[in-house]
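Q: Mind looking at a prediction? Sequence and model below.
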Amino acid sequence: MAWGTIDDAEFQKFADRVEGKLKSQQIKAAVEMSARKIGTQSLKGVKSRTPFGQYSDGRTGGTLRRGWHINGPTYNGSWFLIEVSNDVEYAQYVENGHRTRGGGGWVSGQHMLMETLFEIDGQMPTLLTPMMKRFGGLFD
């Protein structure tokens with residue numbers, strides 16, 4: 001027993017629009033561009049928070065600051081990954097802290113990466129809004 005008919009023409013138009021965007025890779029490209037922007041902001045923030053050596057003879061360091069780089073974004077089928085890393089051998093000790101020579105004390109960590117990631121987390125809506133607005137037309 002039928003209660004009525006359903007006209008799904010509007011839904012079919014919507015489905016065709018979404019399918020067209022997905023097939024043309026526009027959504028993936030936009031998300032990748034936003035992910036790259038987030039990675040760049042992260043790199044900028046962590047570099048500015050990274051301390052650099054100032055020596056008594058007037059030299060300044062910067063090896064740790066120059067060591068920061070981003071890998072990605074890489075896509076694994078369901079999410080994008082952006083990796084911010086530093087290959088300088090003592091980076092983890094500056095980030096997290098370490099014992100002093102001889103074991104007589106503790107040097108607190110600078111937490112430059114952790115603080116940057118918390119800051120970026122708070123900026124996420126601002127960084128993603130342009131991409132979301134661009135594809136918001138799918139739902140109009």
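A: Thanks, I have the structure now. Numbering: from 1, shown residues only.

Q: how many neighbours does Ser34 have?
A: Using other C-beta atoms under 10 Å, Ser34 has 20 other residues around it. For glycine as for every other residue, the C-beta is placed from the backbone atoms N, C-alpha and C.

Q: cool, and Met112?
A: Neighbours around Met112, by other C-beta under 10 Å: 22.

Q: ok, now Leu64?
A: 21.

Q: again, but for Gly39
A: 21.

Q: Report the contact partners of it.
A: 70, 72-73, 82, 84 (C-beta atoms under 8 Å, 6 or more residues apart in numbering).

Q: List only those of those flagged as buried.
A: With neighbours counted by 16 or more other C-beta atoms under 10 Å, the contacts of Gly39 contain buried members at 70, 73, 82, 84.

Q: okay, those residues in a markdown table with pLDDT and secondary structure next?
A: Listed next are these as a markdown table, based on pLDDT from 0 to 100; DSSP: H, G, I helix; E, B strand; the rest coil:
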| residue | pLDDT | secondary structure |
| --- | --- | --- |
| Ile70 | 95 | strand |
| Pro73 | 89 | strand |
| Ile82 | 92 | strand |
| Val84 | 94 | strand |
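
Q: and which of those residues is nearest Met131?
A: Closest approach to Met131 among the buried ones among the contacts of Gly39 (C-beta to C-beta): Pro73, at 12.9 Å.

Q: the helices in the protein, which residues?
A: 9-23, 26-49, 63-66, 91-96, 112-134 (DSSP state H).

Q: By mean pLDDT, show me the worst of those helices.
A: Lowest mean pLDDT within the helices of the chain: helix 9-23, a mean of 78.

Q: Run the angle between that one and helix 26-49 for me.
A: Relative orientation of helix 9-23 versus helix 26-49 (axes from the mean of the first three to the mean of the last three C-alpha atoms, to 10 degrees): 50 degrees.

Q: For Val46, state which of the buried ones among the contacts of Gly39 is nearest.
A: Closest to Val46, out of all of those and judged by C-beta to C-beta, is Val84, at 6.2 Å.

Q: For Glu115, see how far away Ala30 is.
A: The gap separating Ala30 from Glu115 is 28 Å, by C-beta to C-beta, to the nearest Å.
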